[in-house]
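> Can you look at this prediction? I've put the sequence above it.
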4 protein chains.
Amino acid sequence: MSPRTKAQIDEIREQSREKIIAAALDLFAHNGFHSTSIAQVAAKAGISKGLIYNYFESKEDLLQAIFTEAMKNSEDILTLDPYATAKQRLIGMAEASADFMYNNQEYMRLFLTLMMQPDVVKSMKPWFDTVGKAKKDMLMPMFEEIFPGRAEVEYFFFGAIMDGIGFGYLVLGREYPFEDVKRKFIDYIQNQ
Amino acid sequence: MSPRTKAQIDEIREQSREKIIAAALDLFAHNGFHSTSIAQVAAKAGISKGLIYNYFESKEDLLQAIFTEAMKNSEDILTLDPYATAKQRLIGMAEASADFMYNNQEYMRLFLTLMMQPDVVKSMKPWFDTVGKAKKDMLMPMFEEIFPGRAEVEYFFFGAIMDGIGFGYLVLGREYPFEDVKRKFIDYIQNQ
Amino acid sequence: MSPRTKAQIDEIREQSREKIIAAALDLFAHNGFHSTSIAQVAAKAGISKGLIYNYFESKEDLLQAIFTEAMKNSEDILTLDPYATAKQRLIGMAEASADFMYNNQEYMRLFLTLMMQPDVVKSMKPWFDTVGKAKKDMLMPMFEEIFPGRAEVEYFFFGAIMDGIGFGYLVLGREYPFEDVKRKFIDYIQNQ
Amino acid sequence: MSPRTKAQIDEIREQSREKIIAAALDLFAHNGFHSTSIAQVAAKAGISKGLIYNYFESKEDLLQAIFTEAMKNSEDILTLDPYATAKQRLIGMAEASADFMYNNQEYMRLFLTLMMQPDVVKSMKPWFDTVGKAKKDMLMPMFEEIFPGRAEVEYFFFGAIMDGIGFGYLVLGREYPFEDVKRKFIDYIQNQ
DNA sequence: CATGAATGAGGATTCATTCAT
DNA sequence: AATGAATGAATCCTCATTCAT
């Protein structure tokens, strides 16, 4: 009965899925989760409303999928050179994070917004907590090595700068001297 | 003529207005503007839905009023000691800002969120632009004095730290070592 | 306790009542009964919303009062010269009616509208029926005298012209050649 | 691709659209535009409230659609026999109009009501003006031919009778001797 | 007599979701 | 796999009416 092979179907499915996720990410990031309608997502993805429910159980499930997808793409941030010094590894991480932010603005926008208003989509809360904890677990050892005795405050200070740069860049866009600020940041770490 | 004096009415109005603004700020900040219903605001303020429209023309007008109100309370941040050195004034501003953030978490949460998703409430965009510009106009002279030749990058780096601390504090709440990070920040400025 | 005499109070009451009725008539006539709010009536009358309920039990009661009031002013239409011929009396009535319409446009507008949509304010239905029947009872004898054997059709034809002129005038306003059409109408009756 | 063919969908849409328009016309005509709720329209049409917005952008758009629809059905009124005399054409038009009124009471009721209270739905005003002007442009030439020198007053007198008959019929319904009055009207024109 | 703050029911509109095809 | 008609709950907002003063 089926004129398409299973492989073809899988590919079609994958393409549709990605179109939906891309459209939803864009809209959720700029217009907000609740202000974006499924109809808008469907229109932007060039498909029908109904089809979205063929791939995602609900609007929240779609949001969840956006983050799961982004996680995959960000894995190399976490890949550290085991032979480098702690400070070098920190710099590497800072640069990788900055570049990820630079190349994934929409994702960052959505991520930071939801981090700040976790009650908007309550079901995401555990996910955020897990990610936050994982990040801390990964970074704290470095800080303990570089800043013995005051690792935690330095960790948070470092995090503040990272987040703040991302925030500023997202707000100002091209007007933000991203590269300059990033270099200043690297220098700052270097001098510690 | 009037059974209640004008003063009485003004007081009643002021009280109701404040109750509504407080409730709305709390809810908008945590749940998001679009995810918060007027019914929720009314319930939290302990009044009827209809009364809100006696004080504010629309939900958006209420949001606007929240920011106008907060502006009043934040005016002393902008008050600088004219006899202090630029660096001292910068530190003063940093401390005042940090304290304002600490004491007005909900407002900050709402503010930062909307800054990051200006399309959520498009009518606020001009307001944000104005505030952003005013801030830069006030601070840049100090940076030009302290960091001649690289004022802008230092301005944005400074801003990133401020925003980042606020962001971190808002996300983690009491778990965030706010005082420690703030002191670290002051020290950082001191050493420039 | 009361610094005002009863007569003064009555006069104030009468004045307020009339202001309200005039404002309501204007608004109901042009904007429609349901599209007009009590707040608008109060604003136009220059009084408070609450006061309206001091004079009228409800919005519908206010509407009722408008018609009762207008009835008083239209009584002379019904006053016919008992010594005139039937045709002369008919012409007198036609002229009086036309003049009443001309001078009470708003009332006519409201009246005709509600006649055509009696379900808009169901409570008025009996009133309209009564008025319509009274009118017919008054006029039919004349038509039976002037047009024996075909009184009814002539009555309705006559009524159609009357109503039609009023309608046209209300729709076009000053652009309507009211006087010319009225004269044509009188001539028409004359020639029967 | 599509599980329903385009033709099927078009038919479904056309049916729903007509059900909604019919229900709305009935209710708007008898209960008034503002006194009729979308819920009532939906109930009468046997569909859900939401579906109405699948076919019409707003309540006002639905009203507009009613008139646009009725225009189509009334086009033959405007079709005149070019070989007939002016008077014959006028009689033809009078009869066609009377029949249209007789068969489209609800539409007439709505039309006349809104003509008399144009502020109730302000957006319809231009439409009414256009229709009124078109009617005059069509009829005036005939009147100038039949009543040279006094075409305008005769035009308005004729119009008054037409409107008045419609009005009377709408108010009284079956009690109105429509056929008799119509014949009287035709005779009247005949004798000019 | 007069005011206007307050209420709550009701109305227009939106939108996530379902389902027949 | 895909569509889009259909639903109904939820939302913003309006407004007649009440009542304390």
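Received it, and whenever you're ready, just let me know what you need.
> Check which helix or strand the residue of chain A found nearest DNA strand F maps to.
For chain A and DNA strand F, the shortest gap (CB to the nearest atom of the strand) falls at residue A:50, measuring 1.9 Å. (C-beta placed from N, C-alpha, C; glycine too.) In the assignment (DSSP states H and E), residue A:50 maps to helix A:49-55.
> What helices and strands are in contact with that helix?
For helix A:49-55, the packing partners by 3 or more CB pairs under 8 Å, 6 or more residues apart in numbering or on different chains; DSSP states H and E come out as helix A:6-31, helix A:38-45.
> between the next helix or strand after it and helix A:38-45, how many degrees?
Sequence order places helix A:59-73 as the next helix or strand after helix A:49-55, per DSSP H and E. Counting by axes from the mean of the first three to the mean of the last three CA atoms, to 10 degrees, helix A:59-73 lies at 40 degrees to helix A:38-45.
> buried set for helix A:59-73?
Of the residues in helix A:59-73, A:59, A:62, A:63, A:64, A:65, A:66, A:67, A:69, A:70 count as buried by neighbour count, 16 or more other CB atoms under 10 Å in any protein chain shown.
> average pLDDT for it?
For helix A:59-73, mean pLDDT is 93.
> So stretch A:60-73, near chain B or not?
No: judged by CB under 8 Å from any CB of the partner chain, stretch A:60-73 makes no contact with chain B; its nearest approach is 12.2 Å.
> List the contacts of that stretch.
Contacts with stretch A:60-73, where a contact means CB atoms under 8 Å, 6 or more residues apart in numbering or on different chains, come from A:20-21, A:24-25, A:28, A:33, A:41, A:52, A:56, A:104, A:107, A:110-111, A:121, A:123-124, A:127.
> Any of these buried? List them.
A:20-21, A:24-25, A:28, A:33, A:41, A:52, A:56, A:104, A:107, A:110-111, A:121, A:124, A:127.
> Where does the prediction get shaky in chain A?
Across chain A, the ranges flagged by pLDDT under 70 are A:1-4, A:78.
> care to break it down by domain?
A:6-69, A:74-190 (automatic domain parsing).
> In TSV: those domains, plus distance to residue B:163.
Output for those, formatted as TSV (distance: least, CB to CB, whole Å):
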stretch	distance to residue B:163
domain A:6-69	18
domain A:74-190	4
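> Tell me which of the ones you listed approaches residue D:144 most closely.
domain A:6-69 (55.6 Å; CB to CB).
> Does DNA strand E have contacts with the closest one?
Yes: Domain A:6-69 lies within reach of DNA strand E by CB under 7 Å from any atom of the strand, at A:35, A:36, A:37, A:38, A:39, A:49, A:50, A:53, A:58, A:59, A:60.
> The fourth one: neighbouring residues, count only.
Other residues near residue A:38 come to 17 when the count uses other CB atoms under 10 Å in any protein chain shown.
> closest to residue C:98 among the buried residues of helix A:59-73?
Once CB to CB is applied, the member of those that ends up nearest residue C:98 is residue A:59, at 65.2 Å.
> distance of that closest one from residue A:40?
For residue A:59, the distance to residue A:40 (CB to CB, to the nearest Å) stands at 11 Å.
> and what of residue A:29?
Distance, residue A:29 to residue A:40, using CB to CB: 13 Å.
> Same question for residue A:61.
From residue A:61 across to residue A:40, the span is 17 Å (CB to CB).
> Wait, residue A:164 touches residue B:168, no?
No: judged on CB atoms under 8 Å, residue A:164 makes no contact with residue B:168 at a distance of 9.1 Å.
> Mind listing residues that contact stretch A:115-133?
By CB under 8 Å, 6+ apart, the residues outside stretch A:115-133 that reach it are A:33-34, A:60, A:63-64, A:67, A:114, B:29-32, B:35, B:109, B:112-113, B:167, B:170-171.
> Just the buried residues of those residues.
Members of these classed as buried by 16+ other CB under 10 Å are A:33-34, A:63-64, A:67, A:114, B:29-32, B:35, B:109, B:112-113, B:167, B:170-171.
> give the contact list for residue A:59.
The contact partners of residue A:59, by CB under 8 Å, 6+ apart, come to A:33, A:38.
> Could you pull up the residues touching residue A:155?
By CB under 8 Å, 6+ apart, residue A:155 lies in contact with A:136, A:139, A:140, A:143.
> which ones among the residues you listed are found in helices?
Per DSSP state H, helices hold the following members of the contacts of residue A:155: A:136, A:139, A:140, A:143.
> and residue A:113, how far is that from residue B:125?
For residue A:113, the distance to residue B:125 equals 16 Å [CB to CB].
> Ok, residue A:72 next?
Here residue A:72 is placed at a distance of 34 Å from residue B:125 (CB to CB).
> Thought residue A:143 was touching residue A:192, still the case?
No: contact criterion CB under 8 Å: residue A:192 and residue A:143 do not qualify, at 10.1 Å.
> so what sits against both of the two?
Joint contacts of residue A:192 and residue A:143 (CB under 8 Å, 6+ apart) are residue A:154.
> the more surrounded of these two?
Remark: of residue A:192 and residue A:143, residue A:143 carries more neighbours, 21 against 10, as counted by other CB under 10 Å.
> right, and the more buried one touches residue A:151 too?
Yes: counting by CB under 8 Å, residue A:151 is a contact partner of residue A:143 at 4.0 Å.
> Please, which helix or strand holds the residue nearest to residue A:136 when sequence neighbours are not counted?
Nearest residue to residue A:136, sequence neighbours excluded (CB to CB, 6 or more residues apart in numbering or on different chains): residue A:155, at 7.3 Å. Following DSSP H and E, one finds residue A:155 within helix A:151-172.
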